[in-house]
Each structure stands twice: as structure tokens, then as C-alpha cells.
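Asks: output the structure for:
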Amino acid sequence: MSTTDSPADHPRWSSFAAMGLLTFSINITIDGCVDHREGIADDETHAFFTRLMDESGAMLWGRVTYEMMESYWPAVARGDTEAPRTMREWAVKLEAKPKYVVSSTRTDFPWTNSHHIAGDLRTGVEKLKRATPAGVLLGSGKLATELDRLDLIDEYKFLVHPRIAGHGPTLYQYGLPSTRRLELVSAKQFRNSAIALHYRREPAHER
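Replies: Predicted coordinates for the structure are as follows:
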């Protein structure tokens, strides 16, 4: 099923009072590049993002990220594109996962289980968090900047790759109004020398 409704119109919005966590996760090089082509793609990094998706209740993207994903993964899920078994299994999971898209230029999102967040960004994302107690996984760098300016991101799970790209786009290249102070929850080194870093925002009284 596809929808172009605002989250405010979704029947689940009033069902939950507590907000799920909004977690921003992305591949990043040592020099801050977030170009997805610069990351190391292997079984270990694939398992990392599969686990994040499995643990979340919904995905949240901007239009550009959505269209990049939409151009490839549905065909993998259908079996129309040749891919390894692990990638096909991931594609099938992504097909079933609720996917929410923030866009002011597009309203039609035909990919299975895709929903449009329209109108006020803070209102739409807060309603999505309330409706998703398992948490929302954010995977768009530009949208993350907008949501961080609204203090809506709760956690950060970065996969830092041992590469210096020497080009952009870079993380938070459009800037934030103030420094974000974070607490380290965990750090794990992969065999390929990438490091998975999990941070959470400092409590408000400590900022």
C-alpha cells in the first residue's frame, strides 16, 4: 500500500503517548564525507545496517535518499535484479518496513509501505516518533541537519570508514546553530578497520 497522506492522517498517530527514539545513522569517512560510494561494502557493514533496520520501527528519508533507494532495492526484492542472497533478504525486509519521506516537491511515493510527511516538519516528525515506539531510523544527511536544528534527533550511530575521500558532500555541511554535545554509548571496530560509533545526546540539563 502506498500513501501520500500526512502522518497526522495516519490511524496510528493517537495510539501512543510516548515517543520512540529518532536515530541518525550514516556511513562517513574520516574526513567527513557522506557519499555512499566511499563506504566499504562487505558482509560486516551490511550486517550492521541490517541490524539497525531490524531494530527500528520505521525508516525516515529525504526525497533524494528515497529516490536513490527506490531506484534499486524494489527490483532486488522482486528478483528482477541479480544480487547476492543476503542483499535480496535485506531488500525484502526493506520492502516491508514503513518508509517515511520528507519532501516539498514530490507527493507520490508508490514504493510499498511509503508515506509522505507533509506540512510542518517538527509536527510531522514528532507524530511519527509517537506512533513508532520501536524508534525511527534516519538515513539522510541533509534532512538530519534540518531535524537537528529542531532538536529532534536523539541518537547517532555512525559507521566511520578508514578512508579520506577528499571531497563532499560532508556531514552537517550546512551548519548548526550550536555545538551538539554527545555521550559515547559504544564503539566497535570491524575487521575492515571501520568503527561503529553509538552516541546519544546529553541530557538537556547538561547542555
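
Asks: show me what whichever helix or strand F158 is part of is in contact with.
Replies: Element membership for F158 (DSSP states H and E) is strand 155-161. Residues from elsewhere that reach strand 155-161 (CB atoms under 8 Å, 6 or more residues apart in numbering): 21-30, 38-40, 45, 48-49, 52, 182, 185, 194-201. Placement of C-beta: from N, CA and C, glycine included.

Asks: which of the residues you listed are buried?
Replies: Burial by neighbour count, 16 or more other CB atoms under 10 Å: within those this picks out 21-29, 38-40, 45, 48-49, 52, 194, 196-201.

Asks: just the ones of those residues in strands?
Replies: Cross-referencing these against strands under DSSP state E gives 22-29, 196-201.

Asks: and of the residues you listed, the nearest to R163?
Replies: R163 lies nearest to T29 out of those, by CB to CB, at 4.6 Å.

Asks: so that closest one sits against H167, correct?
Replies: No. The criterion here is CB atoms under 8 Å, and T29 misses it with H167 at 9.6 Å.

Asks: just for the chain, where's the confidence low?
Replies: Low-confidence segments of the chain, defined by pLDDT under 70: 1-17, 203-207.

Asks: helices along that one, start to end?
Replies: 43-55, 63-70, 73-78, 85-96, 121-131, 141-149 (DSSP state H).

Asks: how about a markdown table for those, with distance to Y172 added?
Replies: Formatted as a markdown table, those follow (distance: least, CB to CB, whole Å):
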| stretch | distance to Y172 |
| --- | --- |
| helix 43-55 | 20 |
| helix 63-70 | 16 |
| helix 73-78 | 26 |
| helix 85-96 | 26 |
| helix 121-131 | 17 |
| helix 141-149 | 6 |
